[in-house]
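J.: below: sequence and its predicted model.
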Amino acid sequence: NRFGNNKVHFFGLSALQPGHDNFLNLSMLLELASSYKIHCPKWDNESLKAECLLLTRMLVRDENKNIKSMLDLCKLLHSFYPAFENLLTLTKIALTLPVSTACCERSFSCLKRIKTYLRTTMVNDRLSNISILSIEKEKARTLDLDCAVDAFAQNHNNRRILLI
């Protein structure tokens, strides 16, 4: 019930996932395409059906058995772009869908803490760098500050403050 409105998207994503039981299921792919209102010049049911048939034959051959993820599938389809235009479009859409909104919400709440009233004149580059450090604080804590200071001192010899 929780994902009731998104069943078309989930089934369409499963039809683009190599190794899944629904891989290249034509009806699921057509529903996914219609939900995103894809209007390619060559878009129709027959061309998508032909692409699915051709791709299954191609994947059966020994040289293309290394397709394990949707990203690998996208790379393969991109290398044969004119032949798999519709499937490539659907795969690109599937790869750009966010998994959840938690990452977006986390970054916005982090920005709310960083950009306070006292920091309203901060330029975008500095704000972006500080927000990345705040979001990725587990990785930032593992950084060796002495190495960063030494690298900064070597790259900027003309600084007046000596970093010792």
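T.: Perfect, thanks for sending it.

J.: would you map the helices across this protein?
T.: Ranges of helices in the chain, per DSSP state H, are 7-15, 26-35, 45-60, 70-79, 85-96, 102-114, 124-135, 137-141, 145-155.

J.: just send those helices back as a markdown table, with mean pLDDT and mean neighbour count too.
T.: C-beta here means a position set from N, CA and C on the backbone, and glycine is covered the same way. Shown next, in a markdown table, are the helices of the chain (pLDDT from 0 to 100; neighbours: other CB atoms under 10 Å):
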| stretch | mean pLDDT | mean neighbour count |
| --- | --- | --- |
| helix 7-15 | 76 | 17 |
| helix 26-35 | 82 | 17 |
| helix 45-60 | 85 | 15 |
| helix 70-79 | 89 | 16 |
| helix 85-96 | 86 | 18 |
| helix 102-114 | 74 | 12 |
| helix 124-135 | 83 | 13 |
| helix 137-141 | 85 | 9 |
| helix 145-155 | 82 | 10 |
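
J.: can you tell me what sits against stretch 54-71?
T.: Stretch 54-71 has contacts (CB atoms under 8 Å, 6 or more residues apart in numbering) with 13, 16-19, 24, 72-73, 76-77, 83-84, 87, 91, 94-95.

J.: ok, 6 Å please
T.: 16-18, 24, 73 (CB atoms under 6 Å, 6 or more residues apart in numbering).

J.: which residues does stretch 26-33 contact?
T.: In contact with stretch 26-33 (CB under 6 Å, 6+ apart) are residues 8, 11-12, 15, 22, 49, 52.

J.: can you name the two of those residues that are farthest apart?
T.: Pairwise distances across the contacts of stretch 26-33 (CB to CB) peak at 18.6 Å, for the pair Val8 and Lys49.

J.: returning to that earlier point: now the contacts of stretch 54-71 as CSV including distance to Thr116?
T.: Converted to CSV, the contacts of stretch 54-71 look like this (distance: CB to CB, whole Å):
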residue, distance to Thr116
Leu16, 43
Gln17, 43
Pro18, 47
Leu24, 51
Leu73, 45
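
J.: from these, list just the buried residues.
T.: 16-17, 24, 73 (16 or more other CB atoms under 10 Å).

J.: need these in TSV (columns: distance to Tyr36).
T.: Shown next, in TSV, are the buried ones among the contacts of stretch 54-71 (distance: CB to CB, whole Å):
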residue	distance to Tyr36
Leu16	13
Gln17	17
Leu24	18
Leu73	18
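
J.: and the residues you listed, which of them are in strands?
T.: Within the buried ones among the contacts of stretch 54-71, no residue falls in strands by DSSP state E.
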